[in-house]
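>>> Next comes the sequence, and after it the predicted model I'd like to discuss.
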Amino acid sequence: MATKRIGQRVRGTTVYLLLSIGALLSVAPYLMTLNAAFKPQSTLLSTQAWTPAAPATWSNFTELWRQYDMSGFIVHTTIVAGVITIGQLVFTTMSAYAFARLDFPGREPLFWGFIAMMMVPQIVTLIPLFLIMSHLQLIDTYRALILPYVFGTPYGIFLVRQYFQTIPADLEAAARIDGAGTWTILRRIMLPLSKPILATLATITFVNTWNGLLWPLMATSSERDEVVTVGIAALQGQFASELHILLPAAAVALLPLVAIFLLFQRHIVRSIALTGLK
Amino acid sequence: MFRRATRKTLALAAAAVSAAGLTSACGGSSGSSGGTVNLTYMIWQTSEEAAYQQSIDVFEKAHPDIHVTIDLVPWAQYWAKLQTSAAGRNMPDVFWDHLEYLPELAKEGIITNIAPDIASSKIDMSQYSSKLVAQWSNGSTVYGLPKDWDTIATIYNAKDLKAAGITPAQLGSLSWNTTDGGTFVRALEKLTVDVTGKHPNEAGFEANHVKQYDIALEAPNGQQDWWDFGVQNGCELQNKPYGTWTVNSAACVQAMQFEQDLMYKWHVAAPGTVTNTPNAAALPQLLAQDTAAITFDGDWDLDTYQSSLPAGSWGVAALPTGPKGSGTVFNGLTDAIYSGTKHPAEAWELEEWLGSAASEKIVTDSGTVWAAIPSLDSGFIAAWKAKGIDVSAFYTGSQGTTIGYPLTTSGTAFTNVVLKDMNQVWLDQMTPQAAANDITTTSNAAAANGD
Amino acid sequence: MSANIAEVATKPPVAAAAPRRARRGRTTLEAYLLIGPSLFGFLAFLVAPVVIVFVLSLFSWNLITSPQFVGLANYRRMFTDSQSWHALLNTAYYVVLNIPLQTVLALLLALALNRRMRGTRFFRVVFVLPWMAMPVALGVIWNWIFDPRSGIIDHIISMLGFTGPNWLTSSTWAMPVVASVNVWQYTGYTMLFLLAGLQAIPQQVYEAAALDGVNAWQRFFRITLPLLRPSMFFVLVTNVIGSFQQFDTVFVMTQGGPGQSTTTLNYYIYQQAFQLFHAGYAATLSILLFAVILLVTIVQFRYFRKRTIYDFS
């Protein structure tokens, strides 16, 4: 009895220890970025990345803001990611509902068409997309950044459709007997039950848009609409000299997502628990 | 109920779309609004943006009807973006051009021949360095007003130099040869130390446990390493501009061999595992970390050394001389005008301003880059003297024997094969002769294919 | 993102209460109104570019000149181009390095976090944080971490009395480094899906097994793993597709080097299109990549379909 309890305790401690190491590995690159961002420029390259920033200084951040329109980058990225996220939430909910619950001619081929498009490598569609946007005279506008993604992605539609299928159909049937139309059902029954998956979709969309580099790099060229990844890529062209600027910029670019995730984490973990087993 | 729900959903959707529309209502690149002409000026060097912005501020004051937007795109993505925008016929009005890409752009008629504008605006081309003008002209056509030049020099860590008992003047007057390495290799041996404190010319030196190498040589295409040894050995990369590649000539192969020997015979240069691009740490970083005591580098990196090394801890010296004397790669940029620009007159005005002595003085006096107008170069030296660095070695280099960038329409193919093969050479996994043969054949084939 | 395709394994949706009589027409109209915006975006910004890619694959085009029709020349070139096969092999190597390690680690994490103990929520959140890291922002830190002279990894190795390799300039180590960065980024995200699968296994199954005197190993291999199959399928299909499309880490850390050692097919496509400006050939290569992904996905479907005993949908 006693040995078994000790054995359990040892095992429990080992699990905690390993989990803690894993957790440390997970956050170490973030912490190193943050730590190095507070080092004075003179010691940045001559000290190790993990040596604590002592004395810590805000001067890199003030320098960053003095030299670069960091606020502008953040605002532009927030606008683009925000609009795309809202658009995707609305349009994805609509089409996912149709695919999940309505019986209409062409549903299967359309659905599998969406799925197949997920397997297309995105790199080479950059050139055609640029040609289309040039033709529409939209290069270097917010529309060029937003339009390709605002109507939803196959992945998002699929994710939400899977979730809708877990919602019992009798709820709907009852509402239909009461004379409720599709829109009412969508709004009154599906949406309240779908908050977790929509939070997940919002996070995934926001993260992907926030982190995307190549399309914004190609599609924009003025400080009017340049996003944060493009700004950071510009700094990276200058690796060593701008390190004291690049690191705080990286920290500023990374942290908003962490904040958003912490805000939504409860929903995300739960919604994946509800859909992921399919 | 149905109505309200619909309206609300639609309103949300409409909001999303119209936000996309509204926020970009002011869009349209290089368009004109309210009588103001908007020009886009694309550049790649972050450290030069401030100086050019300063110059453009002056330009805009003199031309209130022209607004210039600088589009900064890092070198790594610059040409990808430029060619994609060429495909969409949506290029920046004016942009930095490089000799590696000039021939292709010129051949396809993407950039403007500015010879007529030069004539009508009566620009005195003799004010520019004649080497630059020659590089950027082809017969009677001219593709841009020279805006700057660059050369390669030795950058050293002052403390290491002192410890080895070498003065900067001595460092600047070394010479190398292919038999015993010459005074250059002797000096480098003093600067290389293994973990036990031994030098490569001493018994018991451990080549696998080097604490600090003397020299770090790193370049994706050769501009900061074997091209320089090459010009010091009489190597010509091509038989003539736009001609055939001659990288497999004896003079060039010897230069590559010498650099490989520095790594694996004399053990004084950091091997390819430390310096191979694109994955290695940058040269200023290698110097700041004390991985190497000296490097060969271009003046465009001066700012980087200045910000990553403590003041007074580094300096600039001349390159060594080789069997055929001194020599360095000499290169320069121009501003190109997109042939499809909607505002050719305004674009030319910008070009004319950027190539003027007034603008080049603003840029060079800030220590940003050497001016293409030689009389202004004292301003660059003065700017760096104020920061405590004597940069005259770059200038001396530019006045001696130089080699320019090869002029060819197969530039991208050449760069690609050089990177691939020379990385092997620097790992001691390929002989210089084999690499030179492959580079020559591949590049000549690409030139013949118009690839 | 690695989770790129969702669980295609599921059956077609259970049709909701079958629409009655004359309502069918209205339902169709409603359905198309609902999918309308997505369908528009899908056709204009996904299908149209893909069609253009197919057309481009028949042309030679450097983006500057007007495209030249070359028939199947790009396809012939693809089959004789040793670099394209090298890139395909590199991609396979990357997938082999990445997928098993990531999946096993994620499974172990999920098992550990499926226990009733304090702090599981904290760990769950922390492990997912790497997933949202902006590759371009972390690039500089990765290069720093793997720097053979001042990086933390070689620092630890040398404290143990060994000398670490030059991670990123060695053609042997560069690909494992790239793979390990991806394992770092996506293990936690994968873990979430597996954890969800574990939590969906009814407790009664375990209770019944306990009565039969099943030991821990048997419990894992005979109950947990088979019942986890649907989640596992989802995770594998999405991650394999994501891995075949690997681009970000290579782009930020190695640019395909040293030599060709980390040039994955997707990166090779980028090089051809945006560094050598062979847009037509790049289009052809991307069709190859698409075909490979399609094939691998179909194989996975077959395998899992056949062996899925429990159907949870």
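Ah, there it is.
>>> Please make it C-alpha for all contacts and neighbour counts, starting now.
Will do.
>>> Got the domain ranges for chain B?
Domain assignment for chain B by automatic domain parsing gives B:33-149+B:332-386, B:152-329+B:410-449.
>>> Out of the ones you listed, which one sits most buried?
domain B:152-329+B:410-449 (a mean of 21; mean count of other C-alpha atoms under 10 Å in any protein chain shown).
>>> Endpoint to endpoint, it covers what distance?
End-to-end distance of domain B:152-329+B:410-449 (C-alpha to C-alpha, to the nearest Å): 33 Å.
>>> what about C:Leu295, distance to C:Leu97?
20 Å.
>>> between the two, which one's more packed in?
Neighbours per residue (other C-alpha atoms under 10 Å in any protein chain shown) separate C:Leu295 from C:Leu97, with C:Leu97 holding more: 18 against 12.
>>> The more buried one: what's its closest spatial neighbour, skipping adjacent residues?
Spatial nearest neighbour of C:Leu97, chain neighbours left out: C:Ala179 (6.4 Å); criterion: C-alpha to C-alpha, 6 or more residues apart in numbering or on different chains.
>>> Just give me how far stretch B:305-312 sits from the chain centre.
Its chain's C-alpha centre lies 21 Å from the corresponding centre of stretch B:305-312 when counted by C-alpha atoms, centre = their mean, to the nearest Å.
>>> Give me the mean pLDDT for it.
Averaged across stretch B:305-312, pLDDT comes to 84.
>>> first to last residue in that stretch, what's the distance?
Terminal residues of stretch B:305-312 lie 11 Å apart, using C-alpha to C-alpha.
>>> near chain C at all, that stretch?
No - Stretch B:305-312 stays clear of chain C (C-alpha under 8 Å from any C-alpha of the partner chain), getting no nearer than 15.0 Å.
>>> Just say helix, strand or coil for the residue in the stretch 1-150 of chain C positioned nearest to chain B.
With C-alpha to the nearest C-alpha, the shortest gap between the stretch 1-150 of chain C and chain B falls at C:Leu63, namely 4.6 Å. Classification of C:Leu63 using DSSP: H, G, I helix; E, B strand; the rest coil returns coil.
>>> so it touches B:Gln83, yeah?
Yes - counting by C-alpha atoms under 8 Å, C:Leu63 touches B:Gln83, with 6.1 Å between them.
>>> what do the two both touch?
The contact sets of C:Leu63 and B:Gln83 overlap at C:Phe277 (C-alpha atoms under 8 Å, 6 or more residues apart in numbering or on different chains).
>>> ok, now how distant is B:Gly35 from A:Leu159?
According to C-alpha to C-alpha, B:Gly35 and A:Leu159 sit 50 Å apart.
>>> which residue packs closest to B:Ala281, ignoring adjacent ones?
Setting aside the residues directly before and after it, B:Ala281 is nearest to B:Thr275 in space (C-alpha to C-alpha, 6+ apart), at 7.1 Å.
>>> and C:Phe146, what is it in contact with?
Contacts of C:Phe146 by C-alpha under 8 Å, 6+ apart are C:152-154, C:167-168.
>>> The helix-or-strand element of chain A with minimal mean pLDDT: which residues count as buried?
Using mean pLDDT, DSSP states H and E, the weakest-scoring helix or strand in chain A turns out to be helix A:41-44, at a mean of 72. Of the residues in helix A:41-44, A:41, A:43-44 count as buried by neighbour count, 16 or more other C-alpha atoms under 10 Å in any protein chain shown.
>>> Pull the contacting residues for B:Gln54.
B:Ile362.
>>> Can you tell me the closest non-neighbouring residue to B:Glu346?
Distance criterion C-alpha to C-alpha, 6+ apart; nearest residue to B:Glu346, sequence neighbours excluded, is B:Ile66 at 7.3 Å.
>>> how far away is that neighbour from chain C?
Noted for B:Ile66: a distance of 28 Å to chain C, by C-alpha to the nearest C-alpha, to the nearest Å.
>>> Now that residue, what are its backbone angles?
With angles defined as degrees, to the nearest 10, B:Ile66 sits at phi -120, psi 130.
>>> so what's it bridging to?
Following DSSP bridges, B:Ile66 is listed with bridge partners B:Val37.
>>> correct me, but it touches B:Val37?
Yes - the criterion here is C-alpha under 8 Å, and B:Ile66 meets it with B:Val37 at 4.7 Å.
>>> and for the two, which residues touch both?
B:Glu346.
>>> Quick check: which ranges of the chain have low pLDDT?
Just so you know, I chose chain A. Applying pLDDT under 70 to chain A flags the ranges A:1-4, A:45-49, A:237-242, A:269-278.
>>> not quite, I wanted chain C
Under the criterion pLDDT under 70, the flagged ranges of chain C are C:1-23, C:305-313.
>>> Would you map the helices across it?
Assigned by DSSP state H, chain C shows helices spanning C:23-42, C:48-56, C:73-80, C:82-113, C:120-128, C:135-145, C:152-159, C:174-199, C:203-211, C:216-218, C:225-244, C:248-253, C:265-274, C:279-307.
>>> How about the stretch 51-200 of chain B?
Secondary structure of the stretch 51-200 of chain B by DSSP state H, counting those that start in this stretch: the helices cover B:75-87, B:102-107, B:115-120, B:130-135, B:158-163, B:168-171, B:182-191.
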